[in-house]
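Asker: any chance you could fold what I've pasted below:
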Amino acid sequence: MTQSRLKIVVAVVFLLSCILLIVCINNDAAHRTIIDAIVKNREENQEKKHVAQVRKAAEQGDAESQYLIGNDYFISAFQPGAPEDRYLEEAKKWYRKAAEQGHVEAQYSLAGCYNRVMIYYRSDDIFIPSNPEETVVWYRKAAEQGHVGAQIKLGEYYDKGWGAPQDKTNAMKWYREAAEQDHREAQITLGDYYFKGEGVPQDKAEAVNWYRKAADGGDTTALCLLADCYFDGEGVPQDKEKAVEIWRIAGNQNSITARYRLALCYFEGDGVPQDKEEAVRLLELLCKIHPKFGTEAFHKLAEWYYDGEGVTQDRAKAAEYFREAAGWGDADAEYRLGKCYHDGEGVPQSKTDAIKWLQKAAGQGHKEATDLLRQIEGK
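Answerer: Here you go, the predicted model:
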């Protein structure tokens, strides 16, 4: 090859390389998409192969595989457009195969399938399982193998008389089993049983022991119950300073109940030096951060503003807070708001609005509201 031809070949090769490089750069995203598709396809094929292997093992009687197949159907039942009832029946079928071989998670999951289907009884305003007897059978089997979740549920079923005669003693037995495995909810429930004397002789000191166990684990509900006991001297010597200390710990963990109780302590001077302004500040902050807290905080603030306790008296502000509490169905707040409209305090006087709110309160059996309503209507 002559030198001139060699130069031409080199130039052509260089030009083609540049073009190829440009094409590669411009199509990098496309190449990545192709590679991703290949990887995804490979993973899907591996997943299908794995599923096929699990199903084969399940069909050959392997309990763990049967449990996994049940899980797959259970999860799939709640995907958009999935035939929920059919998949749930398949889930129960496979859970049952594993459960009958003693697979504890399958027993618990099978009970959960039955527990999930509830019937609403409007007369009692409650939900109960549609097949409580079958649910109890499988919760018991799992509970007897030490499954803490099953122990909790079995305790609940005995407590409410679902699937078995109501039996507080038996309920307590299973709550204790779970509590001794450091289950916080069970420890609190066990404490409640001792506190009320349900299923066991009343023993408030023992109740405090169980509340403390759960509180030591950081449970804010338990902390508040423990603080209540110290504040009222129930099961322990009364110690309001200790109660405030515990409520403060729970409040620092965002317990709404604890923050509310702290505000009341400041207002009354219980366990802390009295500071009504601080009480108002705490409650207003609580209502701002947690507006869905409910009636108590709004109602208390309304009373304070109405009477001028810890704040400059402001009947308009009081009416505003009574309205917030009334919006949560607080009968006394409905009455107080109705009375504000009747007297024209904090709001423009309005017989129509007064009757509206007084009727709401009277409908809940509020005596003062009923009496004022009769007076307005001339009855």
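
Asker: now stretch 105-116: average pLDDT?
Answerer: What stretch 105-116 shows for mean pLDDT is 88.

Asker: show me where pLDDT drops low in the stretch 201-350 of the chain?
Answerer: Within the stretch 201-350 of the chain, the ranges that satisfy pLDDT under 70 run 294.

Asker: if we use 90, what do you get?
Answerer: Scanning the stretch 201-350 of the chain for pLDDT under 90 picks out the ranges 286-296, 310, 328.

Asker: gap between stretch 161-181 and the chain center?
Answerer: Relative to its chain's centre, stretch 161-181 lies at 22 Å (Cα atoms, centre = their mean, to the nearest Å).

Asker: where does Ser130 land on pLDDT?
Answerer: In this model, Ser130 is scored at 70, pLDDT.

Asker: neighbours around it, how many?
Answerer: 13 (other Cβ atoms under 10 Å). For every residue, glycine as well, the C-beta is placed using N, CA and C.

Asker: with Gln53 instead?
Answerer: Using other Cβ under 10 Å, Gln53 has 11 neighbouring residues.

Asker: mind listing what it touches?
Answerer: Listed by Cβ atoms under 8 Å, 6 or more residues apart in numbering, the contact set of Gln53 is empty.

Asker: now swap in Ala279 and tell me
Answerer: So Ala279 contacts Ala263, Leu264, Tyr266, Phe267, Trp304, Gly310 (Cβ under 8 Å, 6+ apart).

Asker: got any ranges where the stretch 51-200 of the chain has weak pLDDT?
Answerer: Within the stretch 51-200 of the chain, the ranges that satisfy pLDDT under 90 run 51-55, 58, 77-78, 82, 84-85, 88, 112-133, 162-163, 199-200.

Asker: which residues in it form strands?
Answerer: 118-121, 126-129 (DSSP state E, counting those that start in this stretch).

Asker: of the contacts of Ala279, which belong to helices?
Answerer: Among the contacts of Ala279, the members found in helices (DSSP state H) are Ala263, Leu264, Tyr266, Phe267, Trp304.

Asker: may I ask which of those residues has the most neighbours?
Answerer: Going by other Cβ under 10 Å, Ala263 tops these with 25 neighbours.

Asker: what sits against the residue nearest to that residue when sequence neighbours are not counted?
Answerer: Nearest non-adjacent residue to Ala263, counting by Cβ to Cβ, 6 or more residues apart in numbering: Leu282, 3.9 Å away. Neighbour list for Leu282: Arg259, Leu262, Ala263, Tyr266 [criterion: Cβ under 8 Å, 6+ apart].

Asker: at 10 Å instead, please
Answerer: Contact analysis of Leu282 by Cβ atoms under 10 Å, 6 or more residues apart in numbering lists Gly251, Arg259, Tyr260, Leu262, Ala263, Leu264, Cys265, Tyr266, Phe267, Asp275, Ala297.

Asker: the third one - how many residues pack around it?
Answerer: Residues contacting Tyr260 under the criterion other Cβ under 10 Å number 23.

Asker: how much space is there between the closest residue in space to it that isn't next to it in sequence and Ala77?
Answerer: Excluding the flanking residues, the one nearest Tyr260 by Cβ to Cβ, 6+ apart is Ala297, at 5.7 Å. As judged by Cβ to Cβ, to the nearest Å, Ala297 and Ala77 stand 41 Å apart.

Asker: comparing these two, which shows the higher neighbour count?
Answerer: Using other Cβ under 10 Å as the criterion, Ala297 and Ala77 rank with Ala297 on top: 25 against 18.

Asker: one step back: got TSV for the ones in helices among the contacts of Ala279, with distance to His103 too?
Answerer: As requested, these are exported to TSV (distance: Cβ to Cβ, whole Å):
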residue	distance to His103
Ala263	51
Leu264	51
Tyr266	55
Phe267	56
Trp304	59
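
Asker: just curious, which of these is nearest to Val137?
Answerer: Nearest to Val137 among the ones in helices among the contacts of Ala279: Leu264, at 47.1 Å, using Cβ to Cβ.

Asker: identify the residue spatially nearest to that closest one, adjacent ones excluded.
Answerer: What sits nearest to Leu264 in space, not counting adjacent residues and going by Cβ to Cβ, 6+ apart, is Ala279, at 7.0 Å.

Asker: ok, Phe293 next?
Answerer: Spatial nearest neighbour of Phe293, chain neighbours left out: Ile256 (5.3 Å); criterion: Cβ to Cβ, 6+ apart.

Asker: touching, the one you found and Leu283? I think so.
Answerer: No. Counting by Cβ atoms under 10 Å, Ile256 stays clear of Leu283, with 11.1 Å between them.

Asker: mutual contacts of these two, please.
Answerer: Here Ile256 and Leu283 have Phe293, Glu296, Ala297 as joint contacts, going by Cβ under 10 Å, 6+ apart.

Asker: mark which of these are part of strands, please.
Answerer: Residues of the shared contacts of Ile256 and Leu283 located in strands (DSSP state E): none.

Asker: just the ones in helices from those residues, please.
Answerer: Reading helices off the shared contacts of Ile256 and Leu283 with DSSP H, I get Glu296, Ala297.

Asker: hang on, the earlier thing: now do the contacts for the residue nearest to Tyr260.
Answerer: Applying Cβ under 10 Å, 6+ apart, we find Ala297 in contact with 256, 259-260, 263-264, 282-287, 290-291, 321, 324-325.

Asker: one more: Asp239?
Answerer: Residues counted as contacts of Asp239 (Cβ under 10 Å, 6+ apart) are Ala227, Cys229, Tyr230, Phe231, Gly233, Glu245, Ile246, Gly271.

Asker: of these, which pair is most distant in space?
Answerer: Greatest spacing in the contacts of Asp239, by Cβ to Cβ: Gly233 and Glu245 (15.6 Å).
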